[in-house]
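Chemist: predicted model, plus sequence, below.
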Amino acid sequence: MKVYATEDIRNVVLVGHGSVGKTMFAEAALYESGGSTRLGTIQDQNTVSDYDEDEHKRKFSLNLSIVPVEWEGRKINLIDTPGYADFISEVICGANAADLALVVVDAVSGPEVGTDRTWSITEKIGLPKMIVINRMDRENADFGNVLAQLQARWGHRVMPLQLPIGAHDSFRGIVDLLHMRAYTGEEAEETEVPADLAEQAATLRAQLIEGIVETDEELMTKYFADEELTEDELRKVLHGGLDHNLIIPVICASATKLIGVRQALHNIAFSGPSPLDRDPIAAGEKSLSADPKGAPAARVFKTSADPYVGRLTYMRVVTGVVKGDSHLWNANREADERLGTIYVQRGKEQTATPELQAGDIGVVAKLAHTETGDTLCAKELGARFEPIQFPSPVFSMAVHPTSKGAVDKLGTSLQRLVEEDPGLRLSRDQSSGEIILAGLGEAHLEVTMERLKRKFNIDVELTLPRVPYRETVSKKAHADYTHKKQTGGHGQYARVILDVEPLPRGAGLVFGEKVVGGSVPKEFIPAVEKGVHETAVHGVLAGYELTDCQVTLLDGKHHPVDSSEMAFKLAAAQALKEAIHGSGGTLLEPVMTIRVFAPEAHAGDVVSDLNTKRAKIHGINPDGGMSVVEAEVPLAEVQRYAADLRSITQGRGAFELDFDHYGEVPHQLAQKVIEEHKKAVEEAHAAH
């Protein structure tokens, strides 16, 4: 593929709900442009952009992929993204590399949950949009109905640029409302507008022209003076209105029947923004525009591991020209990176290219330090782009290797998957020692585990993480314990008398002593403290750490021959256990702050569901058509909340969860946890 100049590049991210035909649109565009000799299908598992085994198995996209298409002297980098909610991070990566979002909507279903979700991502980063009503060949396809839904949702900016000729079995072409010409069949043969559509087309054209002139004062003056508006003038102002998000044109197609695809590419090529049309991008103190003559700067928008080439870094050149066999400075890691061969990526294939012009997208292999969101630039430029914002993971599972051999490899292998996928987080729970993998939903973690098996040959099982309870006392307790053991020769002897009393939340475990008269010699007091702390770490009631209490050594007794550090340590451990059991010790649980974002119609259902989860509702605040429910809720009640919220809100809700404090567990629930712990210990003993 030749090197294209900045003004001839179009970066287009395909976004929308799942199963609306984004991948098939990219496939059809590639085929129509002569970039492939056959039209792949998802059923035959031979599309260019869905090449991953997991995608073949599930029959939907899981990863972002790039399909460059050459059309009428332009290079259109189509970025295909998943529609499934668990893989939204890939959409965010793709949107940050694009200059235009092609929002794909189904001709039967209209805008859906995924449409809303991806729309808000494009709005947040100010990305111009064009909508394609796809699958016009489906039974019950209704362009007019879907257009009305789109306009009801996003206002008068949404304007039809085309009108379909027929629908379902009779869908055979489109009418271009700007030029008032019809294009029929796969070859897009130009003909007159069909007589039965002439009136409707004229009405919609008048509305389109009105919408276009509203965005340009000069054109508006001519329009109201009844002067002739040329197609060139209208096209130019449409282009400007689209660039600045003032106009959202709607086109239609059937990607599988290859109808409307050529006209869609034509509209992207001639009305879509080039990198030169976009506003400069902030990079620290500087703002950078797509100037091929500037010092090079590129933004890394994705990292992936290729089994043959190694680690691949996907980048969008923001300014300057990036050449192969050169060096760039990673401004985030403050490290020099040597770039070897630069490639143009097409699905899973790489084609070497000598350079990438400002605005273009490419990949480079085996960079040592670079991660998603990093800035690569000439060192003297001193630029650093804003980090890409990803949603926080909301679903956590504990990862257990199923074989001893996998234990050593597990940590590093998971770390590599986390580097590839910004939606994942990896941590180790200090209290339980479990490896915790957090993601955006159950399917997200399932796919990650399948990749772990395929790429690194590690089998694991996922379980709900242990809730990190804590143990404490609710009232003062006293214990007097004597440790005596007589064996041949020296025996063991130590007596320990101690008090345990509650402390405020967050105080931890505090040890003190009030021994008088040397009943416990000074040299043995550290052993008593050690016995207390070691026992506290492993818990007394249910295997959780003891905290928020004061343990005071009051008195004791020693033997001049049989006492030792070990004897006092053991006596202290037993005395502490007796005190806790005697005081009716209790459990504390992590209480989280939860913020749930849900459509106003579902706010009541969200609140009543949270009430069944022992939540304390703090408030419900409106936020532009959405309600934000704020509450405190125990972690034990919301470990599977991602799935609950999805069903309550039909997938339209989202939530954030943060640790707030430890609170006391209600008595019956605490007893249940303690009984389960006892049972597990007995089963473990029986097994041995």
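Modeler: Received the coordinates, thanks. Numbering: from 1, shown residues only.
Chemist: shaky segments in the stretch 501-650 of the chain?
Modeler: Nowhere does the stretch 501-650 of the chain drop to pLDDT under 70.
Chemist: that one: strands as residue ranges?
Modeler: 509-513, 549-557, 586-599, 616-623, 626-634 (DSSP state E, counting those that start in this stretch).
Chemist: what sits up against stretch 141-157?
Modeler: Identification of contacts with stretch 141-157 by Cβ atoms under 8 Å, 6 or more residues apart in numbering yields 105-108, 110-111, 119, 131, 133, 135-136, 158, 160, 163-164, 167-168, 171, 211, 245-248, 250, 252. In this view, the C-beta of every residue, glycine as well, is placed from N, C-alpha and C.
Chemist: who's in contact with Thr319?
Modeler: By Cβ under 8 Å, 6+ apart, the neighbours of Thr319 are 288-292, 294-297, 358.
Chemist: at 6 Å what do you get?
Modeler: 288, 291, 294, 297, 358 (Cβ atoms under 6 Å, 6 or more residues apart in numbering).
Chemist: go on, Gln415?
Modeler: Contacts for Gln415 were tallied using Cβ under 6 Å, 6+ apart; there are none.
Chemist: so which of the contacts of stretch 141-157 are in helices?
Modeler: 119, 211 (DSSP state H).
Chemist: give me the subset of the contacts of stretch 141-157 that lies in strands.
Modeler: If you go by DSSP state E, the contacts of stretch 141-157 have 105-106, 131, 133, 158, 160, 163-164, 248, 250, 252 in strands.
Chemist: alpha carbons of stretch 490-503, as PDB, please.
Modeler: The C-alpha coordinates for stretch 490-503 follow below in PDB (Å, rounded to 0.1, in the frame of the first residue of the first chain):
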ATOM      1  CA  HIS A 490      13.300 -29.500  80.700                       C
ATOM      2  CA  GLY A 491       9.600 -28.900  80.600                       C
ATOM      3  CA  GLN A 492       7.600 -25.900  79.200                       C
ATOM      4  CA  TYR A 493       5.900 -23.400  81.500                       C
ATOM      5  CA  ALA A 494       4.300 -20.000  81.100                       C
ATOM      6  CA  ARG A 495       1.200 -18.300  82.500                       C
ATOM      7  CA  VAL A 496      -0.300 -15.300  80.800                       C
ATOM      8  CA  ILE A 497      -3.100 -13.100  82.000                       C
ATOM      9  CA  LEU A 498      -4.400 -10.500  79.600                       C
ATOM     10  CA  ASP A 499      -7.300  -8.200  78.800                       C
ATOM     11  CA  VAL A 500      -8.800  -7.500  75.300                       C
ATOM     12  CA  GLU A 501     -10.900  -4.400  74.700                       C
ATOM     13  CA  PRO A 502     -12.400  -2.700  71.700                       C
ATOM     14  CA  LEU A 503     -10.800   0.300  69.900                       C
END
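Chemist: contacts for it, please.
Modeler: 473, 476-485, 548-557, 559, 562-563, 567-568, 571-572, 575, 579.
Chemist: on that earlier part again, ChimeraX command to pick out the buried ones of the contacts of stretch 141-157?
Modeler: Of the contacts of stretch 141-157, the buried ones go into a single ChimeraX selection, burial set by 16 or more other Cβ atoms under 10 Å:
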select :105,106,107,108,110,111,119,131,133,135,136,158,160,163,164,167,171,211,246,247,248,250,252
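Chemist: still on that earlier bit, and of the strands of the stretch 501-650 of the chain, who's closest to Gly272?
Modeler: strand 626-634 (30.4 Å; Cβ to Cβ).
Chemist: follow-up on the earlier one: mean neighbour count and distance to Gly185 for the strands of the stretch 501-650 of the chain - can I get that in JSON lines?
Modeler: Output for those, formatted as JSON lines (neighbours: other Cβ atoms under 10 Å; distance: least, Cβ to Cβ, whole Å):
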{"stretch": "strand 509-513", "mean neighbour count": "16", "distance to Gly185": "79"}
{"stretch": "strand 549-557", "mean neighbour count": "20", "distance to Gly185": "81"}
{"stretch": "strand 586-599", "mean neighbour count": "20", "distance to Gly185": "42"}
{"stretch": "strand 616-623", "mean neighbour count": "12", "distance to Gly185": "47"}
{"stretch": "strand 626-634", "mean neighbour count": "19", "distance to Gly185": "44"}
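Chemist: ok, which of those comes nearest Gln263?
Modeler: Among those, strand 586-599 sits nearest to Gln263 (Cβ to Cβ), with 35.0 Å.
Chemist: before we move on, back to that, just the buried ones from the contacts of stretch 490-503, in PyMOL syntax?
Modeler: Of the contacts of stretch 490-503, the buried ones go into a single PyMOL selection, burial set by 16+ other Cβ under 10 Å:
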select buried, resi 473+477+479+481+483+548+549+550+551+553+554+555+556+562+563+567+568+571+572+575+579
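Chemist: which of the contacts of stretch 490-503 fall in helices?
Modeler: Per DSSP H, the contacts of stretch 490-503 map to helices at 567-568, 571-572, 575, 579.
Chemist: mind picking the two most distant members of those residues?
Modeler: Once Cβ to Cβ is applied, the ones in helices among the contacts of stretch 490-503 give Ala567 and Ala579 as the farthest pair, at 18.6 Å.
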